[in-house]
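Q: Quick one: sequence plus predicted model below, questions after.
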Amino acid sequence: MNFPFKIIAHSEEATKSIASRFSRVIKTGDVVALNGNLGSGKTFFVKSVCENYNITGVQSPTFAIVNEYSGDKKIYHFDFYRLKNTEELLDIGFEDYINDTETIIFIEWADKFNNVLPMDRYEINFNFVNERSREIEIKKLLSK
């Protein structure tokens, strides 16, 4: 998988295939920022990546803010949707999470608080094409 990567996924199976390919690229210490409208596939993508690490039971962390999963890899799964400000994020110890190099971190609605994200990260944008299809764009951002 080369970056930037852009494709239209016409089904959930196609999205799973993209997630599977992506799961072979990322490694512990990586941060993955996911952006897109409600229902665009962010949580489904994370769930699909996690399946490749023998992790089941992945759910949206909208109300919990962060979920932790363990399998072949350790995953922190954040959802910034309900957060009102960065103080709420810092109150839950976000700096400790983000500095844990033994995990992979997924952050849904990451664009709400770009200021707390590391410069080096993957950014995935999900856009509706129609009811079943999504345009998925993956970029690898690196600090200069």
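A: Sure thing, it's come through.
Q: So for the worst-scoring helix or strand of the chain on mean pLDDT, what gets flagged as buried?
A: Least confident element among the helices and strands of the chain, by mean pLDDT, DSSP states H and E: helix 86-91 (a mean of 92). Neighbour-count burial for helix 86-91 flags Leu89 (criterion: 16 or more other Cβ atoms under 10 Å). Any C-beta I mention is one placed from the backbone N, CA and C, and that applies to glycine too.
Q: if we look at the helix or strand following that helix, which residues are touching it?
A: Remark: after helix 86-91, the chain's next helix or strand is helix 94-98, criterion DSSP states H and E. Residues from elsewhere that reach helix 94-98, judged by Cβ atoms under 8 Å, 6 or more residues apart in numbering: 31, 66, 76, 78, 103, 105, 116, 118.
Q: Distance from helix 94-98 to the middle of the chain?
A: 15 Å (Cα atoms, centre = their mean, to the nearest Å).
Q: cool, stretch 17-33 as well?
A: Using Cα atoms, centre = their mean, the offset of stretch 17-33 from its chain centre is 9 Å.
Q: ok, now stretch 60-74?
A: On Cα atoms, centre = their mean, the centre of stretch 60-74 falls 11 Å from that of its chain.
Q: Please, where are all the strands along the protein?
A: Using DSSP state E, the strands of the chain run over residues 5-9, 31-36, 66-70, 74-79, 103-108, 121-128, 134-141.
Q: from memory Glu34 sits against Ile107, does it?
A: I think there's a mix-up here, since residue 34 is Leu and not Glu. Yes: taking Cβ atoms under 8 Å as the definition, Leu34 is a contact partner of Ile107 at 6.6 Å.
Q: Appreciated, that's everything.
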